[in-house]
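Engineer: need coordinates for the below:
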Amino acid sequence: MIALAVVLALLGVGLLVLASLNPRRVWRRTAAWQFSNPDAVEPSDTAFGCGRVFQVVAGIGMIGFAGFIASVGFAKNSDILPRVQKAAAELSTKDGGLLWEQTGLDTAVNRALGDNSDLDQRLSGARAFQETTVVRYNVTLEKGKQAVCLVVRQGKLLFSSPYAGNVYQPEASAKPGACTPES
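Structural biologist: Next up, the predicted model:
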């Protein structure tokens, strides 16, 4: 995305430079050679003026759009930790607790992360889920950039049911960097 922003900005600057040049001289050097009598087919002052206005508007528009694209890309890269911290806080205050099983926890994590299609969360570690009281998720931006470790612990047992299993109040936290066994 940043490369696209740079290309658009360069094209916009090029249009502004072109608009600052004398349009009649540019026409003489680039297009007049095609005609046997260039003075007879030379565009009017209005045509040159409209071309210059178009170049200025298009140049400013391209530079503005390039800035927008760059700012959106920067915002996504810079706000991953607060987004995951918000998800951890939501998981920690989940009303009614959480059934401690893999599918339920994955669903709760996905809901807590919300509509963050640019985030990729993956379970970290190879232990069997039933044997652990701590589950770690590596949450990254697309292509694995900007890792944040979302750690979810069982927390306090709220109730146990022979049919549904154990329901816990999870404790979640987010830390910058990829998950490690110590996190």
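
Engineer: okay, CA-based contacts and neighbour counts for the rest of this
Structural biologist: Will do.

Engineer: where do the helices sit along this structure?
Structural biologist: Remark: helices assigned in the chain by DSSP state H are 2-20, 23-30, 38-41, 45-78, 80-92, 102-113.

Engineer: contacting residues around the third one?
Structural biologist: Residues from elsewhere that reach helix 38-41 (C-alpha atoms under 8 Å, 6 or more residues apart in numbering): 32, 35.

Engineer: mind running it again at 10 Å?
Structural biologist: 27, 28, 31, 32, 35 (C-alpha atoms under 10 Å, 6 or more residues apart in numbering).

Engineer: tabulate the helices of the chain in JSON lines, adding columns for mean neighbour count and mean pLDDT.
Structural biologist: Shown next, in JSON lines, are the helices of the chain (neighbours: other C-alpha atoms under 10 Å; pLDDT from 0 to 100):
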{"stretch": "helix 2-20", "mean neighbour count": "17", "mean pLDDT": "91"}
{"stretch": "helix 23-30", "mean neighbour count": "13", "mean pLDDT": "91"}
{"stretch": "helix 38-41", "mean neighbour count": "10", "mean pLDDT": "91"}
{"stretch": "helix 45-78", "mean neighbour count": "16", "mean pLDDT": "84"}
{"stretch": "helix 80-92", "mean neighbour count": "20", "mean pLDDT": "77"}
{"stretch": "helix 102-113", "mean neighbour count": "16", "mean pLDDT": "73"}
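
Engineer: ok, back up a step: so can I have a markdown table of the contacts of helix 38-41 showing distance to residue 9?
Structural biologist: Output for the contacts of helix 38-41, formatted as a markdown table (distance: C-alpha to C-alpha, whole Å):
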| residue | distance to residue 9 |
| --- | --- |
| 27 | 24 |
| 28 | 27 |
| 31 | 26 |
| 32 | 30 |
| 35 | 34 |
